[in-house]
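Participant: here is my input; please provide its structure:
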Amino acid sequence: MRNRTQVRTWKSSALPPDWFKRQAPDEQTNKQVESNVKAIVSTVVKSGDAALITLTEQFDEARLAAKDLRVTSREIKEAYNEVSQEQVAALKFMKNKVSAFEKLTLKQACFKTSSEGIAVQNVLRPIESVGCYVPGGQAAYPSTLVMTAVPAKAAGVPRIVVCSPPNAEGKVNPFVLVAADICEVNEIYKVGGAQAIAALAYGTETIQPVKKIVGPGSRYVTAAKILVSKDVAIDMPAGPSEVLVLADETANPQFIAFDMVSQAEHGGDSVAGLITTSEKLADEVQGWLAKAAAGAERGEIVAKALEQYGFIITCEDLTEAVELANVFASEHVEIMTRNPERTAEKITSAGLILVGSYSPVALSDYASGTNHVLPTSGFGHAFSGLSALDFARRVSIVESSREGLQRVRERVKVMTDAENLPNHYKAVEARFKK
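Facilitator: Below you'll find the predicted structure:
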């Protein structure tokens with residue numbers, strides 16, 4: 001029987017300045033991951049399909065031939081036999097919600113305006129090809145396929161490729177395959193881990209390279225994406241999942257505990273934390289966590305994550321709590337305070353903000369239409385969540401009449417003189433010489 005699950009508790013005044021950085025794996029672990037990933041990528045670049053076959057057997061215990069790497073239409077058809085009608089309906093619901101949200105995002109990014117003879121506009125052009133990584137391992141993630149493929153489709157990407165690790169029988173999860181079919185993916189390959197990222201970036205005999213790679217994964221997948229980013233675009237570093245709950249004395253401790261447990265079940269390296277102004281709430285959440293973890297399915301995974309990466313921090317006031325939340329820049333920030341909307345306005349660094357007691361992470365993961373591929377590990381300071389805009393290039397278009405150019409002619413001359421670029425102005429002046 002497991003011991004009672006406990007997460008670490010701190011008073012904010014006792015936190016070391018670099019405490020949040022310490023929640024990530026230590027430097028030695030990161031160096032080892034990077035070293036292993038470099039070796040894997042190098043092997044795939046050198047040996048192509050043969051490397052994928054060897055590495056898939058090594059890491060996924062699946063024995064494949066080169067002809068087996070690509071999922072066939074027959075395999076997709078058979079996958080429908082293993083997925084219920086309710087699951088198919090849920091996938092279609094999610095696809096439609098995400099598609100509607102992403103189309104609105106694209107629409108708002110495009111505009112045209114004109115003033116005094118000069119017209120300017122922003123238009124979007126799709127990337128030629130993208131690779132979507134869909135994790136496997138301890139759980140299947142058809143929702144991640146939806147979250148990566150649907151925005152790409154909305155943006156008009158003509159070639160969408162999916163890589164997902166097979167099981168020991170050499171099969172990709174049927175729920176993932178059905179999701180790929182519903183989302184009209186062009187190609188699906190039975191490859192996971194850093195080797196999948198290498199194949200998408202540099203190509204093999206079977207897999208043609210793509211222009212951009214998106215999707216979350218393990219630390220190895222994230223390290224591989226960062227490594228290949230010098231040669232191919234990536235969305236963001238999106239590693240192990242995180243939730244940070246920001247709460248005061250009005251919050252429901254049971255809700256918080258179950259939200260932390262739900263995040264912990266992603267894997268033993270998932271982060272689940274609470275920052276609160278109430279010591280009473282902190283104690284109550286600790287008690288509820290013990291109960292929820294004890295009765296949880298996937299209990300071993302949940303307990304490991306909470307014990308290693310779970311935490312509760314108590315602060316003097318909400319201002320301090322918000323400051324700490326912004327330093328952490330969590331993938332998900334749930335806000336359960338007396339005035340959650342006002343608190344949300346003060347959050348400057350987060351992958352996604354969930355406002356109020358009835359906005360759990362599970363809602364945004366499956367039913368809100370927003371994307372759940374989000375920056376982790378503090379990258380919320382500089383990166384945004386995935387959207388259709390990540391699959392398009394923004395192109396600005398300028399069109400001027402003779403009169404419009406005439407109106408700004410002297411402004412151009414002032415700047416070309418200041419930057420000592422006289423031929424720039426001559427190119428303007430030539431248009432007015434008789």
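Participant: phi, psi for the closest residue to Ser129 other than its chain neighbours please.
Facilitator: Of all residues not flanking Ser129 in the chain, Arg159 sits nearest, at 3.9 Å (Cβ to Cβ, 6 or more residues apart in numbering). In this view, the C-beta of every residue, glycine as well, is placed from N, C-alpha and C. Per-residue torsions, Arg159: phi -130, psi 110 (degrees, to the nearest 10).
Participant: mean confidence for the top helix by length along the chain?
Facilitator: Ranked by residue count, the top helix of the chain under DSSP state H comes out as helix 85-109. The average of the pLDDT scores along helix 85-109 is 97.
Participant: also stretch 148-165?
Facilitator: For stretch 148-165, the per-residue pLDDT averages 98.
Participant: and that stretch, C-alpha only, in CSV?
Facilitator: Provided in CSV are the C-alpha atoms of stretch 148-165 (Å, rounded to 0.1, in the frame of the first residue of the first chain):
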residue,chain,number,x,y,z
THR,A,148,-2.0,20.3,-34.6
ALA,A,149,-3.7,19.1,-37.8
VAL,A,150,-6.8,21.2,-37.7
PRO,A,151,-5.1,24.6,-37.5
ALA,A,152,-2.8,23.5,-40.3
LYS,A,153,-5.8,22.6,-42.4
ALA,A,154,-7.5,25.9,-41.6
ALA,A,155,-4.4,27.7,-42.8
GLY,A,156,-4.4,25.8,-46.1
VAL,A,157,-1.3,23.7,-45.6
PRO,A,158,-1.3,21.3,-48.6
ARG,A,159,0.8,18.5,-47.0
ILE,A,160,0.2,17.5,-43.4
VAL,A,161,2.3,14.7,-42.0
VAL,A,162,1.8,12.9,-38.6
CYS,A,163,4.4,10.9,-36.7
SER,A,164,3.3,8.8,-33.7
PRO,A,165,5.0,5.9,-32.0
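Participant: in that stretch, what counts as buried?
Facilitator: 148-155, 157, 159-165 (16 or more other Cβ atoms under 10 Å).
Participant: among these, which ones are in strands?
Facilitator: 159-163 (DSSP state E).
Participant: between these, which is nearest Pro237?
Facilitator: Closest approach between those and Pro237, by Cβ to Cβ: Cys163, at 17.6 Å.
Participant: enumerate every residue touching that closest one.
Facilitator: Counting by Cβ atoms under 8 Å, 6 or more residues apart in numbering, Cys163 touches 131-134, 188-189, 191-192, 196-197, 199-200, 207.
Participant: mind putting the residues you listed in JSON lines, secondary structure and neighbour count included?
Facilitator: Formatted as JSON lines, the contacts of Cys163 follow (DSSP: H, G, I helix; E, B strand; the rest coil; neighbours: other Cβ atoms under 10 Å):
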{"residue": "Gly131", "secondary structure": "strand", "neighbour count": "29"}
{"residue": "Cys132", "secondary structure": "strand", "neighbour count": "32"}
{"residue": "Tyr133", "secondary structure": "strand", "neighbour count": "32"}
{"residue": "Val134", "secondary structure": "coil", "neighbour count": "30"}
{"residue": "Ile188", "secondary structure": "strand", "neighbour count": "25"}
{"residue": "Tyr189", "secondary structure": "strand", "neighbour count": "24"}
{"residue": "Val191", "secondary structure": "coil", "neighbour count": "32"}
{"residue": "Gly192", "secondary structure": "coil", "neighbour count": "28"}
{"residue": "Ala196", "secondary structure": "helix", "neighbour count": "31"}
{"residue": "Ile197", "secondary structure": "helix", "neighbour count": "33"}
{"residue": "Ala199", "secondary structure": "helix", "neighbour count": "29"}
{"residue": "Leu200", "secondary structure": "helix", "neighbour count": "34"}
{"residue": "Ile207", "secondary structure": "coil", "neighbour count": "25"}
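Participant: list the contacts of stretch 97-117.
Facilitator: 119-124, 146-147, 150-151, 153-155, 367-371, 387-389, 392, 394, 400-405, 407.
Participant: take those residues and keep only those in strands.
Facilitator: Going by DSSP E, the strands hold 119-124, 392, 394, 400 from these.
Participant: distance check, the closest residue to Pro240 other than its chain neighbours against Leu421.
Facilitator: Spatially, and ignoring its direct neighbours in sequence, Pro240 is nearest to Asp269 (4.3 Å; Cβ to Cβ, 6+ apart). Distance, Asp269 to Leu421, using Cβ to Cβ, to the nearest Å: 53 Å.
Participant: more neighbours: the two, which one.
Facilitator: Asp269 (18 against 12; other Cβ atoms under 10 Å).
Participant: wait, the more buried one touches Thr222, no?
Facilitator: No. Checked against Cβ atoms under 8 Å, the pair Asp269 and Thr222 is beyond contact range at 11.2 Å.
Participant: once you drop chain neighbours, what's closest to the residue nearest the centre of the chain?
Facilitator: Here the mean C-alpha position of the chain is nearest to the C-alpha of Val373 (Cα atoms, centre = their mean), at a distance of 2.5 Å. Once flanking residues are discounted, Val373 sits nearest to Leu386: 3.9 Å by Cβ to Cβ, 6+ apart.
Participant: and Leu200, by the same measure?
Facilitator: Closest to Leu200 by Cβ to Cβ, 6+ apart is Gly131, at 3.5 Å.
Participant: okay but the one you found is in contact with Gln208, surely?
Facilitator: No. With contacts counted by Cβ under 8 Å, Gly131 stays clear of Gln208, the gap being 9.9 Å.
Participant: break this structure into its domains for me.
Facilitator: 8-25+240-361, 48-234, 401-432 (automatic domain parsing).
Participant: turn these into TSV, including distance to His381.
Facilitator: Compiled in TSV, the domains of the chain are given as follows (distance: least, Cβ to Cβ, whole Å):
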stretch	distance to His381
domain 8-25+240-361	5
domain 48-234	16
domain 401-432	33
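Participant: mean pLDDT lowest where, among the ones you listed?
Facilitator: Looking at these, the lowest mean pLDDT belongs to domain 8-25+240-361 (a mean of 93).
Participant: hmm, back to that, mind listing what the residue nearest to Leu200 touches?
Facilitator: 161-163, 200-201, 210, 212-215.
Participant: just curious, which of the residues you listed is nearest to Lys92?
Facilitator: Nearest to Lys92 among the contacts of Gly131, with distances taken as Cβ to Cβ, is Val162, at 17.7 Å.
Participant: list the beta-bridge partners for that closest one.
Facilitator: Going by DSSP bridges, Val162 is paired in beta bridges with Cys132, Ile188.
Participant: from Leu274, how far off is it?
Facilitator: From Val162 to Leu274 the distance is 35 Å (Cβ to Cβ).
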